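*Asks:* need a structure here:
(2 chains)
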Amino acid sequence: DVVLTQTPSTLSATIGQSVSISCRSSQSLLDSAGNTYLYWYLQRPGQSPQLLIYLVSNLGSGVPNRFSGSGSGTDFTLKISGVEAEDLGVYYCMQATHAPYTFGAGTKLELK
Amino acid sequence: QVKLLQSGAALVKPGASVKMSCKASGYTFTDYWVSWVKQSHGKSLEWIGEIYPNSGATNFNEKFKGKATLTVDKSTSTAYMELSRLTSEDSAIYYCTRDYSGFDYWGQGVMVTVSS
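*Replies:* Numbers count the residues shown, from 1 in each chain, chains lettered A, B, ... in the order given. As a prediction, the model looks like this:
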C-alpha cells in the first residue's frame, strides 16, 4: 500500500500566521493518464472530515481561498495563508491513484 | 443540498455482526460511488471500500475483504455496510462518503462499540 507521510504531526500557530503541511508519498501519485489523485481534508473536533483540496490544487466547494495546494509526483504541500480560528483541527492528505486509497496520519493544527 | 444521513450508534457483542445505513439525498444516488471509511479512536482514516449504486459494483481494501459487505437499495437511495465477526479492533467510527473527485460529502458517522 502507498504510505503517505505527513509533517509536522502537530503545528502550533497564531491567528493570521501562514503555515504549511507536507505530505510525502512512498510512490509517485501520477497515473498513466497524467492525473494525480491527491486530496486534503480537514477534520474539526467532533466533526466529520471535509474536503478542502482535490486533485492536488483545486479548492473544494465553499473552501476559502486562504487554502492552497501544490506539488507533484511524491511531494505535496497544503498552505494556509493566514490561519483563522475555524481552521483548527486535524488535516489529512489522501491518495486515490493506487488501490487501496490511503490517508496520511494527520497533522493537528492548534493555537499557540 | 447533498446529505448523507447515517444510522445511529451500535453496541454489539464480540463475534456478532452489525449493519449500518447511509441514506443519500439531494443528488442522483445512482450516479456516484459511495465509499466507507473507518476511524479508530483518536487515529487516522482507513478506506474500507466503495460501491457504485447503479450497478452494485464494489471495490475493497484487501484488509477488509471478508469483514465488510457493501450493498445498496436504489429505491430508497440508501447504502449499507455490514461488518461481520466483530472484535474489539472493529470498535470505531464508520463514515459513508460520496466519491466525486475526492470524498466531497460525508455522513455524520456511526460509532460502533464491540463489547461483551
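*Asks:* Tell me the residues on chain B that lie near chain A, please.
*Replies:* B:35, B:37, B:44-47, B:59-63, B:95, B:101-104, B:106-109 (Cβ under 8 Å from any Cβ of the partner chain). Bear in mind the C-beta positions are built from the backbone N, C-alpha and C, glycine included.
*Asks:* Give the ChimeraX command for selecting the buried subset of the residues you listed.
*Replies:* A single ChimeraX command selects the buried members of these (16 or more other Cβ atoms under 10 Å in any protein chain shown):
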select /B:35,37,44,45,46,47,60,61,95,102,103,104,106,107,109
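*Asks:* Strands - which of the residues of chain B next to chain A land there?
*Replies:* Mapping the residues of chain B next to chain A onto strands (DSSP state E) picks out B:35, B:37, B:45-47, B:59-60, B:95, B:103-104, B:106.
*Asks:* And the pLDDT for the residue nearest the centre of chain B?
*Replies:* Centroid-nearest residue in chain B: B:W36, 3.9 Å away (criterion: Cα atoms, centre = their mean). The per-residue pLDDT reported for B:W36 equals 98.
*Asks:* number of nearby residues for the residue nearest to it when sequence neighbours are not counted?
*Replies:* Counting by Cβ to Cβ, 6 or more residues apart in numbering or on different chains, B:W36 lies nearest to B:I48, which is 4.3 Å off, once chain neighbours are set aside. Neighbour count of B:I48, defined by other Cβ atoms under 10 Å in any protein chain shown: 23.
*Asks:* per-residue confidence for B:I48?
*Replies:* 98.
*Asks:* With the one 4 residues further on instead?
*Replies:* The predicted local confidence for B:Y52 comes out at a pLDDT of 98.
*Asks:* Same check on A:K112?
*Replies:* pLDDT, A:K112: 88.
*Asks:* Contact residues of chain A facing chain B?
*Replies:* Counting by Cβ under 8 Å from any Cβ, chain A sits next to chain B at A:39, A:41, A:48-51, A:54-55, A:58, A:60-61, A:92, A:94, A:96, A:99-106.
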